[in-house]
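Participant: Predicted model and sequence follow; I will ask about them next.
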Amino acid sequence: MLNTLNSLFIAAVLAGTPLLLGALGEILTEKSGNLNLGVEGMMFMGAITGLAGSYYYEQSVINGGGTPSGIVSAAIALVVSFAAGTLGALIYSFLTITLRANQNVTGLTLTIFGTGFGNFFGEYIGQQAGGYVAVSQVTKDVFGSVHIPVLSDLPVVGRLLFQYNWLVYFAIAVAVVMAWFFNRSRTGLNLRAVGEDPAAADAAGINITLYKYAATVIGGGICGIGGMYMSMVTTSGVWVHDCVSGYGWLAVALVIFATWSPARGVFVALIFGGLTIMRMYVSIPGLPAQIYDMLPYVATILVLVITSMRESKEHAQPKSCGLNYFREDR
């Protein structure tokens, strides 16, 4: 029983990491007042570009007679996936902030575009590679479990906390920095002001357009890294058609469950990750697999109901989220 719980916890951490990255990107975006429903699309863009960047780097080095570096390959995957996510978010930002297009429609369109982008180029690169695209073992090893001296060797605790891949710790670090940024930095407080009341923030001299663009674009980049996790860790560096498979929508649900808090997002991602893989460890005879898939969304609905009843401003969505700002209406 204890071994099962330990295995479930480890699997929940691994499954929850891409959800956490996607949610953190969306939290940063929504704090600026933009509701970007294109998380799934940006994750797809990050998934294929991260894998492709690593793959083409390896091929160029091998063709030149050299030996590719796993660390360089992983760094390229990280940078390229972040850039792809920012590109998707930049398109969204231009349409909604500059052209004042409807945020919901634009976000859904970005999801459709990003999904098609990822699957098309994934299949195309795979055909060019001779059937499927995959990175070499040296890159896969970099995305494998890390060994932290002393800590990883601790009984029980070492296995539960200190033997994950580096992206797990990267995601937690992003959550910690983001929590500090929102609550302790002047820029973060200005961003929250923009999301709550852009007219008042504008009157106070805050550059609304700059804050919205910066938060949305950087948030999109974080979502892109979440997608890269799916292609480099979840599918072990091999492109699998439709590999993101709804994780972007789960990340949006996680934002609501975490009540727009990066710190709570860490724990909620663990819960969501556990719910997504629970059927592999806790099997109830006669219970359809679809019921397990519904659990994260049922939990989100319950949190929405509880949050609405409490009417807590601290745990509510930013007031201007989803609404375009017209300076002339102040």
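Facilitator: Looks like it arrived, so ask away.
Participant: Now do the helices in the stretch 51-200 of the chain.
Facilitator: For the stretch 51-200 of the chain, applying DSSP state H, counting those that start in this stretch gives helices covering 70-93, 103-128, 137-142, 157-161, 166-184, 186-196, 198-203.
Participant: Deepest in the core, which of the ones you listed is it.
Facilitator: Mean neighbour counts were taken over the helices of the stretch 51-200 of the chain using mean count of other Cβ atoms under 10 Å, and the top value, a mean of 23, falls to helix 70-93. The C-beta positions use only the backbone N, C-alpha and C, and glycine is treated the same way.
Participant: Let's verify Val266: helix, strand, or coil?
Facilitator: helix (DSSP: H, G, I helix; E, B strand; the rest coil).
Participant: and the strand or helix carrying Met42 with helix 103-128, angle?
Facilitator: With the criterion set as DSSP states H and E, the secondary-structure element containing Met42 is helix 39-63. An angle of 30 degrees separates the directions of helix 39-63 and helix 103-128 when computed by axes from the mean of the first three to the mean of the last three Cα atoms, to 10 degrees.
Participant: Give me the angle between helix 39-63 and helix 70-93.
Facilitator: Computed by the same axes, to 10 degrees, the angle between helix 39-63 and helix 70-93 is 140 degrees.
Participant: now the lengthiest helix in the chain, how far from the chain's geometric center?
Facilitator: When secondary structure is assigned using DSSP state H, the longest helix within the chain turns out to be helix 2-31. The chain centroid and the centroid of helix 2-31 are separated by 10 Å under Cα atoms, centre = their mean, to the nearest Å.
Participant: Give the buried residues for that helix.
Facilitator: Neighbour-count burial for helix 2-31, counted by 16 or more other Cβ atoms under 10 Å, picks out 8-31.
Participant: Quick check: which ranges of the chain have low pLDDT?
Facilitator: Across the chain, residues meeting the criterion (pLDDT under 70) sit at 1, 310-314, 328-330.
Participant: which one in it is furthest away from the centre?
Facilitator: Ranking residues of the chain by C-alpha distance from their mean position (Cα atoms, centre = their mean) puts Gly65 at the top, at 36.2 Å.
Participant: any idea how far that residue lies from Ala134?
Facilitator: The spacing between Gly65 and Ala134, counted by Cβ to Cβ, to the nearest Å, is 21 Å.
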